[in-house]
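Visitor: Pasting the sequence and the predicted model now:
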Amino acid sequence: MYPKEITYHDFNDVELTETFYFNLSEAELAKMELTTEGGLRAYIKKILAAHDMPALTRLFDRLILASYGIKSDDGKRFMKKCPTDGHMYADDFKETDAYSVLFMQLCSDDNAASDFLNGVIPANIAAKVKEIEEEEKKNKNTIDGKVTPLSKE
């Protein structure tokens with residue numbers, strides 16, 4: 001789970017600082033991976049390499065709204081849908097300026113975007129992704145079993 005403290009103004013122009021919570025379960029992440037053509041990880045790499053800002057914008061919106069929720073008082077549940085009327089809590093969040101502050105931060109600050117992405121995915125998945133990326137980096141510098149000099153990228 002990724003707690004994010006956001007300072008924003010409400011629509012009465014009162015400055016507020018609140019902690020909002022974001023989380024993707026392994027199942028939610030698997031669904032995103034399996035329903036994204038080529039896989040979510042490959043899609044993210046592709047849009048970053050191409051500097052595809054429209055796609056990156058849609059991705060940030062998708063990840064924010066898919067991961068937003070409310071932690072139960074006992075800490076046993078992370079609720080994304082209201083149990084009484086079924087509306088999504090992310091809809092409420094998107095109607096606040098806190099959403100706008102977070103969205104703009106992700107679009108303008110690479111470190112904030114990286115922290116958010118690493119924070120919302122389960123720790124064991126993040127470790128596995130890091131392991132895969134290190135292996136890919138290692139393999140990228142090896143041709144026919146011979147280590148080649150690292151390229152500057």
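Guide: Ah, there it is. Note that the structure is predicted; figures quoted are calculated from it, not measured.
Visitor: got the phi/psi numbers for residue 74?
Guide: The phi and psi values for residue 74, taken as degrees, to the nearest 10, are phi -80, psi 0.
Visitor: Centre-most residue in this protein?
Guide: Within the chain, one residue has its C-alpha closest to the average C-alpha position: by Cα atoms, centre = their mean, that is residue 117, at 3.4 Å.
Visitor: And that residue, which helix or strand is it part of?
Guide: When secondary structure is defined by DSSP states H and E, residue 117 falls within helix 110-120.
Visitor: what comes up buried for that helix?
Guide: For helix 110-120, the buried set under the neighbour-count rule, 16 or more other Cβ atoms under 10 Å, comprises 113, 116, 117, 119, 120. C-beta here means a position set from N, CA and C on the backbone, and glycine is covered the same way.
Visitor: which residues touch the third one?
Guide: When the contact criterion is Cβ atoms under 8 Å, 6 or more residues apart in numbering, the partners of residue 117 are residue 63.
Visitor: distance of it from residue 11?
Guide: Applying Cβ to Cβ, to the nearest Å, one obtains 29 Å for the distance of residue 117 from residue 11.
Visitor: Repeat that for the first one.
Guide: The span separating residue 113 from residue 11 equals 27 Å under the rule Cβ to Cβ.
Visitor: hmm, back to that, show me what the mean pLDDT comes to for the helix holding residue 117.
Guide: Looking at helix 110-120 alone, the average pLDDT works out to 89.
Visitor: which stretches of the chain form strands?
Guide: In the chain, the strands defined using DSSP state E lie at 2-9, 15-22, 68-71, 78-79, 142-143, 146-147.
Visitor: do you know which of the ones you listed lies nearest residue 45?
Guide: With Cβ to Cβ as the criterion, residue 45 lies closest to strand 142-143 of the strands of the chain, at 19.7 Å.
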